[in-house]
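Chemist: turn this into a structure:
(one chain, ligands or ions: 1)
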Amino acid sequence: MIIAQISDTHIALDTADAEQRIGDFERTIADINALDPAPDLIVHTGDIVQSGRADEYAKAAAILAQAHRPVYVLAGNKDDRVNLRTAFAAKGYLDAYSGFIDYAIEDYPVRLIAVDTLNTHSNKGDFCAERAQRLIAMIDAEPSKPIAVFSHHPPFEVPVGPERINFKTAEMMERLCQAVQHSARVVAIISGHVHRSTTGWVGSIPATVMPSVATTLRWGEYPAHLKACPVYHIHRFDPASGFAVEARIVGVDWRAAFGEPPPALAPRAG
Ligand SMILES: [Fe+2]
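Modeler: Have a look, this model is predicted:
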């Protein structure tokens, strides 16, 4: 089972880098479409758009409509639950409930559980008792399959910052940590928000964060010729060993970087 994860596309229509953000998103979807073997599905771990506006979601949904595989989306701190739900309602996995955007996908060897860490008054995450109850109920709804939990805000300390704790309070983060550890069947926690690649642990559960697809908003050290190349994560699941994560770099533009096409591979000796 292969999951392509994208995150933090921050689609905007009126920022100075709006075209770059749109282009980064489009090129990433095109790259995922060209993967061989193809992923089973794509998960967008939130901050789909910059301002939660319906016209931003219309653009983002049009880009995601180009994907050849099913796409599931989470709400990030920049997202608006109502407009997000409206934009993606036709896909059928978001219920009509107007509150939290959390759900379980049962169609794959690994169950996918998306949690809602959105706080409408802060860029930092929230995880209240009601959301914890909903997560535990989703975990308990099926007794046998492994589970990957997706959250926009990472539920572990991120020393490479800009913030070590990405929830409003340490208690909120701890509540999510406790809930995901409700079952040993949770084998991975997959997040975004930090705009840079990092890893951590929640108890004994491995946790990963991918960079922002929007290259103008990405943190981390990249050589000059890769600064405009989006990076996304591919998560491959093996029943014996769990998930392995791989970073995929989209479309190095060799002419822009080096003024020449990529060198042909030399034939191997022998
Ligand atoms: Fe975020």
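Chemist: let's see stretch 26-34 as CSV, backbone CA atoms only.
Modeler: These are the backbone C-alpha positions of stretch 26-34, laid out as CSV (Å, rounded to 0.1, in the frame of the first residue of the first chain):
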residue,chain,number,x,y,z
GLU,A,26,0.0,21.5,-10.1
ARG,A,27,3.5,20.1,-10.6
THR,A,28,3.2,18.0,-7.5
ILE,A,29,0.0,16.4,-8.6
ALA,A,30,1.4,15.8,-12.1
ASP,A,31,4.4,14.1,-10.5
ILE,A,32,2.2,11.9,-8.4
ASN,A,33,0.2,11.0,-11.5
ALA,A,34,3.5,9.8,-13.1
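Chemist: model confidence over that stretch, on average?
Modeler: For stretch 26-34, mean pLDDT rounds to 96.
Chemist: also stretch 239-259?
Modeler: With pLDDT averaged residue by residue, stretch 239-259 scores 82.
Chemist: quick check: the residue of the chain nearest the ion.
Modeler: Relative to the ion, the nearest point of the chain is residue 193 (3.7 Å; Cβ to the ion). For glycine as for every other residue, the C-beta is placed from the backbone atoms N, C-alpha and C.
Chemist: correct me, but that residue touches residue 76?
Modeler: Yes - A contact is recorded between residue 193 and residue 76 when judged using Cβ atoms under 8 Å, the distance being 6.3 Å.
Chemist: what count of nearby residues applies to residue 92?
Modeler: By other Cβ atoms under 10 Å, 7 other residues sit near residue 92.
Chemist: show the pLDDT at it.
Modeler: Reading off the per-residue confidence, residue 92 sits at a pLDDT of 86.
Chemist: residue 161 now?
Modeler: Among the per-residue scores, residue 161 shows a pLDDT of 76.
Chemist: before we move on, the earlier item: anything in contact with each of residue 193 and residue 76?
Modeler: A shared contact of residue 193 and residue 76, defined by Cβ atoms under 8 Å, 6 or more residues apart in numbering, is any residue touching both; here these are 7-8, 45-47, 152.
Chemist: sorry, back to before: confirm the residue of the chain closest to the ion sits in a helix?
Modeler: No - for residue 193, which was evaluated using DSSP: H, G, I helix; E, B strand; the rest coil, the result is coil, with no helix membership.
Chemist: let me see the contact set for it.
Modeler: Contacts here follow Cβ under 8 Å, 6+ apart; on that basis residue 193 touches 7-8, 45-47, 76-77, 125, 152-154, 166, 209.
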